[in-house]
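Undergrad: make a model of this:
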Amino acid sequence: MNILEIPIDVNSLNKQVKERQEKIKNQLIEPPSPLDDFRKQINQS
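TA: Predicted coordinates:
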């Protein structure tokens, strides 16, 4: 099956983008938790 034949659901894509933007906004508002810092350290190593 050709990728171009797959219909792109623009609404769901827009929804995903909005959800991502909301998450980023929330992260900017809330201070990062120690658990997030811990995860970053694990990912870097």
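Undergrad: and the next helix or strand past the helix or strand containing Ser12?
TA: Applying DSSP states H and E as the criterion places Ser12 in helix 10-29. Remark: after helix 10-29, the chain's next helix or strand is helix 34-44, criterion DSSP H and E.
Undergrad: for the protein, which residue is closest to the average position?
TA: The structure's the chain has its C-alpha centroid closest to Arg20; by Cα atoms, centre = their mean the separation is 4.4 Å.
Undergrad: how near is that one to Gln44?
TA: Here the distance between Arg20 and Gln44 works out to 22 Å (Cβ to Cβ, to the nearest Å). All C-beta spots, glycine's among them, are computed from the backbone N, C-alpha and C.
Undergrad: and for Ile24?
TA: Using Cβ to Cβ, which is the criterion applied here, Ile24 is 20 Å from Gln44.
Undergrad: kindly report the same for Asp37.
TA: Following Cβ to Cβ, the distance that separates Asp37 from Gln44 is 11 Å.
Undergrad: who has more neighbours out of those two?
TA: Asp37 (10 against 6; other Cβ atoms under 10 Å).
Undergrad: so how far is Pro31 from that one?
TA: Relative to Pro31, Asp37 is positioned 10 Å away (criterion: Cβ to Cβ).
Undergrad: got it, and Arg39?
TA: Taking Cβ to Cβ as the criterion, Arg39 is separated from Pro31 by 15 Å.
Undergrad: which one of those two is surrounded by more residues?
TA: Taking Arg39 and Pro31 together and counting by other Cβ under 10 Å, Arg39 has the greater number of neighbours (12 against 8).
Undergrad: can you pull the pLDDT of that one?
TA: Arg39 is assigned a predicted lDDT (pLDDT) of 81.
Undergrad: also the one 3 residues further on?
TA: Model confidence at Ile42, expressed as pLDDT, equals 84.
Undergrad: for the helix or strand bottoming out on mean pLDDT in the chain, list the C-alpha coordinates in PDB.
TA: The helix or strand of the chain with the poorest confidence is helix 34-44; it has a mean of 81 (mean pLDDT, DSSP states H and E). These are the backbone C-alpha positions of helix 34-44, laid out as PDB (Å, rounded to 0.1, in the frame of the first residue of the first chain):
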ATOM      1  CA  PRO A  34      12.500  15.500  40.600                       C
ATOM      2  CA  LEU A  35      11.300  12.300  38.900                       C
ATOM      3  CA  ASP A  36      11.500  14.200  35.500                       C
ATOM      4  CA  ASP A  37      15.100  15.200  36.300                       C
ATOM      5  CA  PHE A  38      15.900  11.700  37.200                       C
ATOM      6  CA  ARG A  39      14.500  10.400  33.900                       C
ATOM      7  CA  LYS A  40      16.600  12.900  32.000                       C
ATOM      8  CA  GLN A  41      19.700  11.800  33.700                       C
ATOM      9  CA  ILE A  42      18.900   8.200  32.900                       C
ATOM     10  CA  ASN A  43      18.300   9.100  29.200                       C
ATOM     11  CA  GLN A  44      21.500  11.000  29.000                       C
END
